[in-house]
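> Give the three-dimensional model of this entry:
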Amino acid sequence: MAGGTTGNQTNQQRNNANDMLDAADANLKKIAGRQLSSTEQDMVSQIRQFMDQSKTAVGTGDLERARTLAWKAQLLSQELVKPDENH
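Numbering: from 1, shown residues only. Here you go, the predicted structure:
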């Protein structure tokens, strides 16, 4: 099948990106009261950048980029909330 994405695919991509952004945001809220190392603070900054860039990409219709950035934000945020196995 030739052509671009259909309306349903577009909505699905947008929903996927938003779901990942919501998950990343929820993870950031889980660590809100925690004392963070400088490395963790850098990760939070990077997560917020990915989230902002993803939202901008959604707004411009670049849904593949939005999804990729949201995925990166979610992945990094999961690293912050998972238990530290080294202790």
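
> list the buried ones in the least confident helix or strand in the chain by mean pLDDT?
Every helix and strand in the chain was compared by mean pLDDT, DSSP states H and E; the lowest is helix 7-30, with a mean of 94. Of all the residues in helix 7-30, those buried under the rule 16 or more other C-beta atoms under 10 Å are Gln13, Ala17, Asn18, Met20, Leu21, Ala23, Ala24, Asp25, Asn27, Leu28. (Glycine included, C-beta is placed from N, CA and C.)

> does the residue nearest to the fourth one when sequence neighbours are not counted count as helix, strand or coil?
With C-beta to C-beta, 6 or more residues apart in numbering as the measure, Ala70 is the residue that lies nearest to Met20, at 3.7 Å, once sequence neighbours are left out. The assignment at Ala70 comes out as helix when based on DSSP: H, G, I helix; E, B strand; the rest coil.

> got the contact list for Ala70?
Going by C-beta atoms under 8 Å, 6 or more residues apart in numbering, Ala70 touches Asn16, Ala17, Asn18, Met20, Leu21, Ala24, Phe50, Met51, Ser54.

> mind running it again at 6 Å?
By C-beta atoms under 6 Å, 6 or more residues apart in numbering, Ala70 lies in contact with Ala17, Met20, Leu21, Ser54.

> What ranges in this structure fall below the confidence cut-off?
The model of the chain has pLDDT under 70 over residues 1-5, 84-87.

> Return the closest of the contacts of Ala70 with respect to Leu36.
Nearest to Leu36 among those is Leu21, at 20.6 Å by C-beta to C-beta.

> who touches that closest one in this structure?
Met51, Ser54, Ala70.

> now do 7 Å
Met51, Ser54, Ala70, Ala73 (C-beta atoms under 7 Å, 6 or more residues apart in numbering).
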